[in-house]
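>>> Got a predicted structure here, sequence first:
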Amino acid sequence: MSFCVAIDGPAAAGKGTVSKAVSKHFGFPYLDTGLLYRATGAKTFEGLTPLEAAESLTTADLERDDLRSGDAGQAASRVAALPEVRSALVDFQQAFARREGGAVLDGRDIGTVICPDAEVKLYITASDEVRAQRRYAELVAKGENVTEEEVLADLRERDERDSARATAPLKPAEDATVIDTSEMSIDEAVAKVIALIEAAQQAQ
């Protein structure tokens, strides 16, 4: 039996960390769908069109070392605004979501477009400032030379592009549970999500 957990939200809100913890707790396979778009964007650096990049994507492309860079993030946001790219990646995501035993997917349109019938839909968010602090610390730890102001501007630019796009804009599903992690520890956020999933499992 399949059991899909759809986790959406803006960058650096904590959805990836929560998703990985939930995946480990329940033993569900996990897909960071943002990596699909980051890998597609990164492949355009090599001269491929966005559609060519999406259609030629392999699991090996998801292991690239440069996918967490700022450039890859901006490229991901640009290619994700293209309907033909999103369409090319839908089948991959939906097949993953309905694998036997359950799955956790995180992204920006999982609950609204990819898995509108997911058993659990969550939208994890946080204030712009908190998200910028988190991403800044992450990038500095990797040795990138950025300022917190630059990171905040970059996040806001991506949010605007992702929310304003015509196809699959970033927004909570109407029936999603919204969790603001601005004032929460990661352990608190994970515990809350685990409780929501367990309640949904019991209700089945």
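Yep, it's here.
>>> Okay, helices next: where are they in the chain?
All helices of the chain, identified by DSSP state H, fall at 15-26, 33-44, 50-55, 70-80, 83-97, 128-141, 148-164, 186-203.
>>> Please identify the buried residues of the longest one?
Applying a neighbour-count criterion of 16 or more other C-beta atoms under 10 Å, the buried positions in helix 186-203 are 189-190, 192-193, 196-197, 200. All C-beta atoms are positioned from the backbone trio N, CA, C, and that covers glycine.
>>> Quickly note the distance from the residue positioned nearest the centre of the chain to Asp162.
For the chain, the residue nearest the mean C-alpha position is Gly107 (2.5 Å; C-alpha atoms, centre = their mean). Computed as C-beta to C-beta, to the nearest Å, the Gly107 to Asp162 distance reads 10 Å.
>>> need the contact list for Ala39.
Contact partners of Ala39, counting by C-beta atoms under 8 Å, 6 or more residues apart in numbering, are 53, 57, 61-62, 64, 67.
>>> Please disregard the earlier target; I meant Leu122.
Per C-beta under 8 Å, 6+ apart, neighbours of Leu122: 5-9, 15, 111, 176-179, 193, 196.
>>> From these, which land in strands?
Secondary structure from DSSP state E places 5-8, 177-179 of the contacts of Leu122 in strands.
>>> ends of stretch 23-40, how far apart?
24 Å (C-alpha to C-alpha, to the nearest Å).
>>> which parts of that stretch are buried?
23, 26, 28, 30-40.
>>> Tell me the one among those residues nearest to Asp91.
The nearest member of the buried residues of stretch 23-40 to Asp91, counting by C-beta to C-beta, is Leu36 at 11.4 Å.
>>> Give me the spatial nearest neighbour of the closest one, chain neighbours excluded.
Leu89 (5.2 Å; C-beta to C-beta, 6 or more residues apart in numbering).
>>> Thr147 now?
Tyr136 (7.8 Å).
>>> tell me the contacts of the one you found?
By C-beta under 8 Å, 6+ apart, the residues touching Tyr136 are 146-148, 151.
>>> How about Ser23?
29-30, 104.
>>> what's the answer for Leu48, then?
Leu48 sits in contact with Ser56, where contact means C-beta under 8 Å, 6+ apart.
>>> Can you add distance to Arg99 and pLDDT and give the contacts of Leu122 back as a markdown table?
Shown next, in a markdown table, are the contacts of Leu122 (distance: C-beta to C-beta, whole Å; pLDDT from 0 to 100):
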| residue | distance to Arg99 | pLDDT |
| --- | --- | --- |
| Val5 | 12 | 98 |
| Ala6 | 14 | 98 |
| Ile7 | 16 | 98 |
| Asp8 | 19 | 97 |
| Gly9 | 23 | 96 |
| Lys15 | 20 | 94 |
| Gly111 | 18 | 96 |
| Ala176 | 22 | 97 |
| Thr177 | 23 | 97 |
| Val178 | 27 | 98 |
| Ile179 | 25 | 97 |
| Val193 | 20 | 98 |
| Leu196 | 21 | 97 |
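>>> Just the buried ones from those residues, in ChimeraX syntax?
With 16+ other C-beta under 10 Å as the criterion, this ChimeraX line picks the buried residues out of these:
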select :5,6,7,8,9,15,111,176,177,179,193,196
